[in-house]
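**Student:** With the input below, show me the fold.
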Amino acid sequence: MREGMALAWQPQEEGLRQILNLLKESQSPDTATQRAVQQKLEELNKYSDFNNYLIFVLTKLKSEDEPTRSLSGLILKNNVKAHFHKFPPEVAEFIKSECLDSVGDPSPLIRATVGILITTIAYKGELTNWTELLPRLCQMLDSEDYNVCEGAFGALQKICEDSAEVLDSEALDRPLNILIPKFLQFFKHSSPKIRSHAIACVNQFIISRTQILMMHIDQFLENLFHLASDEDPEVRKNVCRALVMLLEVRMDRLIPHMHSIIEYMLMRTQDSDDGVALEGCEFWLSLAEQPICKDALTPHLPRLIPVLVRGMKYSEIDIILLKGDVEDDEMIPDREEDIKPRFHKSKTHSQKHMDDNVEEDADSEDGLDDDNSLSDWNLRKCSAAALDVLANVLHEELLPVLLPILKETLFHQDWEIKESGILALGAIAEGCMNGMVPHLPELVPYLITCLNDKKALVRSITCWTLSRYSHWIVGQPHDMFLKPLMTELLKRVLDPNKRVQEAACSAFATLEEEACTELVPYLAFILETLVFAFNKYQHKNLLILYDAIGTLADSVGHHLNKQEYINLLMPPLIQKWNVLKDDDKDLFPLLECLSSVATALQSGFLPYCEPVFKRCVSLVEQTLNQNMANAAHPDQFEAPDKDFMIVALDLLSGLAEGLNGHMEQLVLSSNIMQLLFQCMQDPIPEVRQSSFALLGDLSKACFQHVNPCISDFMPILGQNLNPEFISVCNNATWAIGEISVKLGNSCSDMKPYVPMVLNQLVVIINKPNTPKTLLENTAITIGRLGYVCPEEVAPMLQQFIRPWCASLRNIRDNEEKDSAFRGICSMIGVNPGGVVQDFIFFCDAVASWVSPKADLKQMFYEIFHGFKNQVGEANWKRFSEQLPAPLKERLLANYGV
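**Tutor:** Numbering: from 1, shown residues only. Predicted coordinates for the structure are as follows:
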């Protein structure tokens, strides 16, 4: 039958010539030619046998050069991907049979192309219809002809990568039960290419713990160990990959061999082939996540740590690609493709805590990302990341091995080695901080001198490493470290090298977060430098500069509101604001920056607020209109990028927070409330998140404009109390609290809405593993609802009082905490029985107040004494003996009980 089909179709000379011309033209670098070729291909797709010609060129036309034949196969692959289901049955059959006949083509390029074509057809759901595919490929593995065996394995490897799940399904009668034992036989094949394919095929099924592989796990391991010192780098790479995955999945089987596996991985991490060394290095990252890490690694540390530090050295190739010998490049404009897309992080409302001194920094890997224009992940980054995670597991135990290495590398004459030592010092900052403290008084001044090193790559890594120790630096007397560091770091912000500028700006932003208001005395100097950088920076670093300015505003707050600072800072920001068009993504970081600046400057931002407010409202409106147009006519209008709307909503929040009552006129003369109503119902969670933040801020700033809309807004807020979307739920909860406080004592206004929200808030506060911020905001809002409508909320007191007290005991005294506790006191007045069983938690929460307002303190006093009188002296004594001593003392000192 197949013979007949193959004979039935033959290409026509003219058609073949046309297609060959097209394939030749498509290799031209000229874009106009490329476009014409694309158009022609689209037209040819209308002919049912066009795809027959393509497969014919790939598999039969040996007179043509291989790149042309391969290209024909790749065009066919794209057609299969786009519309295989529309191929006439006889064309589909012809293509499949030709593929199977050409799996063993003598040319590696053609074999690989046929393999790609086969897996694409299989992936399009054809594995179930193409019943002979797997048996035929499996049979070819046993062929004496190397080309056939290798081609079949190449195709099988691609199918295993693309269709792993289907291969283990009932629908196909679990072909893996035959394939996996078959693959294992080839681990010892004489050809390295075949050995490599065989491991790569099996590796696809480790993470999913495929049953048949788990049954053969011992044979798999035995074969892997047999290949441990294979001469072929691809084989060694695949052995490393397998062991890294097995750590996660079958640690039980690796433990007996762990000593030799670690020895093996130590060799691989130093492999002469960089690709193998990188795969080997991944092992330490995975091992760090395993409970046995500490015990297994400790004996090997004296050999492992030097290997990791050596791996951190820039390779010669890195230095060439990074233009490490080019020192001054600040005049060279950036290429657009080097600028990474930025993602806006929407606004979330959160509380300040008693113990807030250090924020968790999500971007602690910044220094490992110092060469983001390069290959994204390399041995240097992997080695540094491994040292970082191991420091977090082993802490000070790392230092006896590492310190002598640091002494040698940090002061080395050879700049590449010195640079790797500085990177290592930064990598351990988080995990070994306590052990490093005695050495920092000597190391920090040395690092500050390295900021003046003649090599740009040394200057840039030093910026990062210093930022990793900034928490310690800020805690010492300023004259010792902070002042000299700031002076030098600000010089680096103006460095003639772009990579150094970027590193210095990022490091300075970290320093700002740590130092906060400690920076106030130096504000003039800092602002002069940052503003000078505005005129100096190319495109990419400007975006980082916005971030440094925004962080400065967040850190020093209202201290920025001085006329001399405003005169320095605002003109360059507004100049950029005027230049950027509404569809330019550079608006994102600029708007984020302005949001922080507006909140910090408060009334100082008044001269700029009207144009900023109007443009933000217009950005929101344009996005909503474009969204409606796209929904109605998707073929005519593109969907908008909603980030423009999110960033604009967040800047409006910043304005409301900074300008407070001054917002009233702006809101009055705009349609922002109607737009907000639409944004609150957007399907994208980040849009809703920012909308609710703005609603809360507008409720605080100009409630008279929110009040008329409450009956529309409240049901939407109630529907968004879904903890699956943490940040949306958090901001909706906070906004409900702000609205209820503003309604104050007019319980009749709030009463209809309590049933819409209360039950869900009680569910959230009792839900295990709820994030701290959400718990705190939920507790505050329940308290505020009780403050306005005690009669409605108090009956549920017993269901939430314990988690309520637990979540508010750690937050600092502030207005939100004040209104929430007034609410709890009012509810206890209505339903004292609701708090009896958990009274000890209430005592603990009240004791967390440092200085409550006099009338609130009086409420606490009355509740304590009311209870004491109710239960009688003897019972109260018995109760108070259960209290921890410090709590007992505080209650006695403050409330006389």
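
**Student:** show me the contacts for Phe532.
**Tutor:** Leu494 (C-beta atoms under 8 Å, 6 or more residues apart in numbering). For every residue, glycine as well, the C-beta is placed using N, CA and C.

**Student:** Run through the residues that contact Asp145.
**Tutor:** Gly104.

**Student:** And it, how far from Cys201?
**Tutor:** Going from Asp145 to Cys201 by C-beta to C-beta, to the nearest Å gives 20 Å.

**Student:** just Val788 next, same as before
**Tutor:** 66 Å.

**Student:** Same question for Gln689.
**Tutor:** Relative to Cys201, and taking C-beta to C-beta, Gln689 is found at 44 Å.

**Student:** Likewise for Asn707?
**Tutor:** Counting by C-beta to C-beta - Asn707 and Cys201 are separated by 66 Å.

**Student:** cool, and Gly744?
**Tutor:** Gly744 is 70 Å from Cys201, by C-beta to C-beta.

**Student:** neighbour-wise, which of the two wins?
**Tutor:** Between Gly744 and Cys201, counting by other C-beta atoms under 10 Å, Cys201 is the more crowded of the two (26 against 13).

**Student:** outside of stretch 422-440, which residues touch it?
**Tutor:** Residues contacting stretch 422-440 (C-beta under 8 Å, 6+ apart): 308-309, 312, 364, 367-368, 380, 384-385, 387-396, 398-399, 402-403, 405-406, 409-410, 443, 447, 450, 458, 461-462, 464-465, 468-469, 472.

**Student:** Inside helices: which ones of those residues?
**Tutor:** 308-309, 380, 384-385, 387-394, 399, 402-403, 405-406, 409-410, 443, 447, 450, 458, 461-462, 464-465, 468, 472 (DSSP state H).

**Student:** Which of those are buried, as a ChimeraX select command?
**Tutor:** A single ChimeraX command selects the buried members of the ones in helices among the contacts of stretch 422-440 (16 or more other C-beta atoms under 10 Å):
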select :308,309,380,384,385,387,388,389,390,391,393,394,399,402,405,406,409,410,443,447,450,458,461,462,464,465,468,472
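
**Student:** Check which helices and strands whatever helix or strand Met628 lives in is in contact with.
**Tutor:** Assigned by DSSP states H and E, Met628 falls within helix 606-632. The contact analysis (3 or more C-beta pairs under 8 Å, 6 or more residues apart in numbering; DSSP states H and E) places helix 606-632 against helix 563-579, helix 587-601, helix 643-659, helix 663-668, helix 672-679.

**Student:** That helix: which residues count as buried?
**Tutor:** Per 16+ other C-beta under 10 Å, helix 606-632 contains these buried residues: 608-609, 612-613, 615-617, 619-624, 626-627.

**Student:** try stretch 849-866
**Tutor:** So, applying 16+ other C-beta under 10 Å, buried residues of stretch 849-866: Trp849, Pro852, Leu856, Met859, Phe860, Ile863, Phe864.

**Student:** Then stretch 798-805?
**Tutor:** Phe800, Ile801, Arg802, Pro803, Trp804, Cys805.

**Student:** From those residues, pick the one nearest Asp295.
**Tutor:** Pro803 (38.2 Å; C-beta to C-beta).

**Student:** A strand includes that closest one, no?
**Tutor:** No: in this structure, Pro803 is helix, not part of a strand, as judged by DSSP: H, G, I helix; E, B strand; the rest coil.

**Student:** nearest spatial neighbour of it, skipping sequence neighbours?
**Tutor:** Ile765 (4.8 Å; C-beta to C-beta, 6 or more residues apart in numbering).

**Student:** what does His559 give?
**Tutor:** In space, His559 is closest to Val520, 4.7 Å off (C-beta to C-beta, 6+ apart).

**Student:** got it, and Gln602?
**Tutor:** Gly658 (4.8 Å).

**Student:** dump the residue contacts of Pro589.
**Tutor:** Here Pro589 is in contact with Arg342, Leu543, Tyr546, Asp547, Gly550 (C-beta under 8 Å, 6+ apart).

**Student:** Could you pull up the contacting residues of the last one?
**Tutor:** So that's Gly550. Gly550 sits next to Pro589, Glu592, Cys593, Ser595, Ser596, Val597 when contact means C-beta under 8 Å, 6+ apart.

**Student:** now do 7 Å
**Tutor:** By C-beta atoms under 7 Å, 6 or more residues apart in numbering, the residues touching Gly550 are Glu592, Cys593, Ser596, Val597.

**Student:** how close does the third one sit to Leu542?
**Tutor:** Ser596 sits 16 Å away from Leu542, taking C-beta to C-beta as the criterion.

**Student:** just the second one next, same as before
**Tutor:** Cys593 is 11 Å from Leu542, where distance means C-beta to C-beta.

**Student:** which one of these two has more residues nearby?
**Tutor:** Cys593 (25 against 20).

**Student:** That one contacts Thr551, correct?
**Tutor:** No: at 9.0 Å, Cys593 and Thr551 do not qualify as touching, with contact defined as C-beta atoms under 7 Å.

**Student:** so what's Asn357 scoring on pLDDT?
**Tutor:** Note on Asn357: pLDDT of 43.

**Student:** before we move on, what about Val401?
**Tutor:** 93.

**Student:** for the stretch 251-400 of the chain, what spans make up the helices?
**Tutor:** Assigned by DSSP state H, counting those that start in this stretch, the helices in the stretch 251-400 of the chain fall at 251-254, 258-269, 274-287, 293-297, 301-311, 316-321, 379-394, 399-410.

**Student:** Turn the ones you listed into a markdown table, including distance to Ser97.
**Tutor:** Listed next are the helices of the stretch 251-400 of the chain as a markdown table, based on distance: least, C-beta to C-beta, whole Å:
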| stretch | distance to Ser97 |
| --- | --- |
| helix 251-254 | 43 |
| helix 258-269 | 43 |
| helix 274-287 | 37 |
| helix 293-297 | 53 |
| helix 301-311 | 50 |
| helix 316-321 | 45 |
| helix 379-394 | 45 |
| helix 399-410 | 62 |
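
**Student:** And these: which comes nearest Ala794?
**Tutor:** Judging these by C-beta to C-beta, what sits closest to Ala794 is helix 379-394, at 46.8 Å.

**Student:** Lys483: helix or strand, and which one exactly?
**Tutor:** helix 482-493.

**Student:** Name the spans of the stretch 701-850 of the chain whose pLDDT lies under the cut-off.
**Tutor:** Applying pLDDT under 70 to the stretch 701-850 of the chain picks out residues 745.

**Student:** try it again with 80
**Tutor:** Along the stretch 701-850 of the chain, segments meeting pLDDT under 80 span 744-747.

**Student:** Distance check, Tyr787 against Ile863.
**Tutor:** 15 Å.

**Student:** Same check on Leu266?
**Tutor:** 65 Å.

**Student:** for Ile317, same thing?
**Tutor:** With C-beta to C-beta as the criterion, Ile317 and Ile863 are 72 Å apart.

**Student:** OK, contacts around the residue nearest to Gln602?
**Tutor:** Taking C-beta under 7 Å, 6+ apart, one finds Ala598, Thr599, Leu601, Gln602, Phe605 in contact with Gly658.

**Student:** now do Met750
**Tutor:** Ser740, Leu743, Val788, Cys789.

**Student:** from what I can see Pro715 touches Tyr753, true?
**Tutor:** No: using C-beta under 7 Å, Pro715 is not in contact with Tyr753; the gap is 8.2 Å.

**Student:** If you count neighbours, what's buried in stretch 33-45?
**Tutor:** Val37, Lys40, Leu41, Leu44.

**Student:** From Ser826, how far off is the spatially closest residue to Leu797 that is not a sequence neighbour?
**Tutor:** Spatially, and ignoring its direct neighbours in sequence, Leu797 is nearest to Gly834 (2.9 Å; C-beta to C-beta, 6+ apart). Counting by C-beta to C-beta, the gap from Gly834 to Ser826 is 12 Å.

**Student:** re the thing from before, contact partners for the residue nearest to Pro803?
**Tutor:** Leu775, Thr778, Ala779, Ile782, Phe800, Pro803, Trp804.

**Student:** gap between the helix or strand harbouring the second one and the chain center?
**Tutor:** Yep, that's Thr778 we're talking about. In the assignment (DSSP H and E), Thr778 maps to helix 772-788. Relative to its parent chain, helix 772-788 has a centroid offset of 29 Å by C-alpha atoms, centre = their mean, to the nearest Å.
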